[in-house]
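1. Predicted model and sequence follow; I will ask about them next.
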Amino acid sequence: MVRKIASVIAGLACFAAVSGMLSLLATHAWPAYAAAYPHRAYTMAMLIVRLTAGVVAIVCAAALTAALAEQRRPAALWLGITLLAISLPWHIHIWKQYPAWYHLFWFASLIPTALLGERLLRMSQAGPRSRPA
């Protein structure tokens, strides 16, 4: 149980680090994004980039969580649930600043994306499949 909790905490730290780095990259590489960032005046493309960065961060975090846990799939599931619990109050607070679809996509994608991260880790560790001759 301690290992599962520690793996989820590590996954949360990984999520914060990856999403922070991707946000920093977006603000430095895209001047319009940097200008929109302080006021959350994002275009559709910017919102999609933000959601994509979040998905990438969740996949990375879930893969790390699964790699550290004894029971990989349940740990990845708990990471998704924890991210949902953490982000729910924040998204309710900023609900009017973003379109409803943005929040709904985020909520709907958290747990499946965390499970995808675990599956991608499992597939990468399985090695290449032998092909029939």
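-> That came through fine.

2. switch to C-alpha atoms for all contacts and neighbour counts from now on
-> Noted.

3. for this structure, what spans make up the strands?
-> Counting by DSSP state E, the chain forms no strands at all.

4. so where's it shaky on pLDDT?
-> Across the chain, the stretches falling below the confidence threshold (pLDDT under 70) are 128-133.

5. starting at the chain centroid, how far to stretch 103-121?
-> Its chain's C-alpha centre lies 7 Å from the corresponding centre of stretch 103-121 when counted by Cα atoms, centre = their mean, to the nearest Å.

6. Burial check on the spatially closest residue to residue 46 that is not a sequence neighbour, number of neighbours?
-> Using Cα to Cα, 6 or more residues apart in numbering and skipping residues adjacent in sequence, the residue nearest residue 46 is residue 33, 6.7 Å away. Around residue 33 sit 21 other residues, with neighbours defined as other Cα atoms under 10 Å.

7. The one 4 residues further on too?
-> Residue neighbour count, defined by other Cα under 10 Å, stands at 15 for residue 37.

8. mind listing what it touches?
-> Applying Cα atoms under 8 Å, 6 or more residues apart in numbering, we find residue 37 in contact with residue 27.

9. and the residue positioned nearest the centre of the chain, how far is that from residue 34?
-> For the chain, the residue lying nearest the average C-alpha position, counting by Cα atoms, centre = their mean, turns out to be residue 58 (2.2 Å). As defined by Cα to Cα, to the nearest Å, residue 58 lies at a distance of 23 Å from residue 34.
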